[in-house]
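Student: here you go, sequence then predicted model.
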Amino acid sequence: MGMTIRLLLQKTSQAVNSVVEKMLFLIGSAICVILFAQVVSRYAGASLGWSEEVSRHLLVAITFLGGTAAYKRASFIGLKGIGHRLGSIAQRGIAIILQILALFCFGVIAWFGTLYTIKAWEHTSSSLQIPMSVPFFVIPLAAVIFLVHVLADISSTAEYKTP
């Protein structure tokens, strides 16, 4: 794999992760504000009917997007114990195999998540009355972000020169 492709993948992965981490902060802040407003309004004798639904959808979004940020920060979870015993070439081979399996897994999630999101367009949420595709869109989005991160990891692992 060429050096420019590897650098492009690395920069794209880093830029996407930077945006995701900013979104995670905003979503987390929004959940806090919404739930605080719900508590205050219930104490005052009223209720925000939409707050629980919005909070639930935002919590799902923070879970999926947070997974991509966690993956990026922790890099690839490998089997270091096996790799160290078999040598650096075997360790790199194991890492690449696991990364390819992860790539396949996230590809499947992206594909079926997209189909599920499209199928959910006809269904609406109970209190907001928005298409359920809107909150479900985070599934294929997160899977595509995972794919970018895994491709960046594969390019780094494949380019690594053993000493």
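Tutor: Thanks, I have the structure now.
Student: poorly predicted segments of this protein, please.
Tutor: 1-2, 75-84, 159-163 (pLDDT under 70).
Student: how about the helices in it?
Tutor: In the chain, helices defined by DSSP state H lie at 3-43, 51-74, 80-86, 88-119, 133-136, 138-159, listed in chain order.
Student: between these, which gets nearest to S126?
Tutor: Of all the helices of the chain, the one in closest proximity to S126, counting by CB to CB, is helix 51-74 (6.4 Å). Quick note: C-beta positions are derived from backbone N, CA and C, even for glycine.
Student: can you give me the neighbour number for V40?
Tutor: Here the neighbour count serves as a burial measure; for V40 (other CB atoms under 10 Å) it reads 11.
Student: same deal with E122?
Tutor: Applying other CB under 10 Å, we find 9 other residues in the vicinity of E122.
Student: so who does it touch?
Tutor: Taking CB atoms under 8 Å, 6 or more residues apart in numbering as the criterion, E122 is in contact with P131.
Student: measure it to M132 for me?
Tutor: When distance is defined by CB to CB, to the nearest Å, E122 is 8 Å away from M132.
Student: most remote residue from this structure's center?
Tutor: Relative to the mean C-alpha coordinate of the chain, counting by CA atoms, centre = their mean, the farthest residue is G45 (38.3 Å).
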